[in-house]
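A.B. asks: task: produce atomic coordinates for the following.
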Amino acid sequence: MTSIQSAVGEFLLSCEAEGLRPSTIRWYRSILGRFATFAYLSALAQDVTAHEIRVWLQHLRSEGYKSESVDDYTRALHRFWKWAAKEYDFKNPMRNMRYPQVRQAPEPKTANLDDIMAMFKAAGDGMAVERDRAILAFALDTGARAEGIVNARFSDLDLVKRSIFVTEKGRKTRAVVFTKVTA
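C.D. replies: Reported below is the predicted structural model:
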C-alpha cells in the first residue's frame with residue numbers, strides 16, 4: 001500500500017529520470033505537495049477518488065485561483081494520476097475528468113522605442129557597459145530568451161554569418177541571426 005506522499009516522491013523521481021527540467025519538477029512538486037496535504041485523510045494513493053479531486057479543484061476556485069491556474073493544476077494531476085495508475089496498477093481517478101484545453105498565448109507586444117532607449121541608458125557607464133549593451137542588442141535582434149543567451153557558447157558562434165545556436169526551454173536548440181551592429 002502506497003501513501004500519496006510516497007507516490008508523489010516516486011513520480012518526481014521518475015520525472016528526474018526522464019530528464020524533465022528542474023523547473024518542471026519544482027512545478028509538479030509544488031502542485032502535488034499541495035494536493036497531498038489536502039488529501040492527507042486518504043493515506044493510500046489508490047483510495048483517492050474523483051470526488052476528492054473535484055472537491056480540491058473547486059476549493060482552489062473558491063480561494064480565488066484563476067481558471068488558468070486551476071487548469072494548470074488539473075494538467076499536473078492528470079499526468080500524476082495517469083503515471084500512478086500504471087505504476088501501482090489501479091484505476092486512474094481522473095480517467096473521466098476533462099483535460100483542460102491549451103490556451104492560446106497572447107500576441108507578443110512589440111518593444112517601445114522609448115523603453116529600448118531607457119534600457120540602453122540603464123546599462124550605465126561602468127566597465128561592463130559594452131557587454132550589457134551587446135546583450136541587450138542581441139536579445140532585441142534575435143528574440144532569444146535569457147536562458148539561451150546565458151548558455152550560448154563561442155563554439156556555436158559564426159561571426160561571418162552573424163548567427164549562433166541557442167538552447168532554450170530545456171533542450172530546444174535553434175539558430176538565430178543578429179545584425180552587423182550587434183556583431
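A.B. asks: helices along the protein, start to end?
C.D. replies: 4-18, 22-38, 50-62, 67-88, 113-122, 129-142, 146-150 (DSSP state H).
A.B. asks: in TSV: these, plus distance to T173.
C.D. replies: Using the backbone N, CA and C atoms, a C-beta is placed for each residue, glycine as well. Listed next are the helices of the chain as TSV, based on distance: least, CB to CB, whole Å:
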stretch	distance to T173
helix 4-18	19
helix 22-38	18
helix 50-62	36
helix 67-88	25
helix 113-122	27
helix 129-142	13
helix 146-150	9
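A.B. asks: relative to L157, which of these is closest?
C.D. replies: L157 lies closest, by CB to CB, to one member of these: helix 129-142, at 10.8 Å.
A.B. asks: where does the protein have low pLDDT?
C.D. replies: Under the criterion pLDDT under 70, the flagged ranges of the chain are 40-43, 45, 170.
A.B. asks: report the separation between the residue nearest the centre of it and A139.
C.D. replies: Residue closest to the mean C-alpha point of the chain, counted by CA atoms, centre = their mean, is T24 at 5.2 Å. Using CB to CB, to the nearest Å, we find T24 at a distance of 24 Å from A139.
A.B. asks: and L159, what is it in contact with?
C.D. replies: Shown in contact with L159 (CB atoms under 8 Å, 6 or more residues apart in numbering): A183.
A.B. asks: from A183, how far off is it?
C.D. replies: As for L159, its distance to A183 is 6 Å (criterion: CB to CB).
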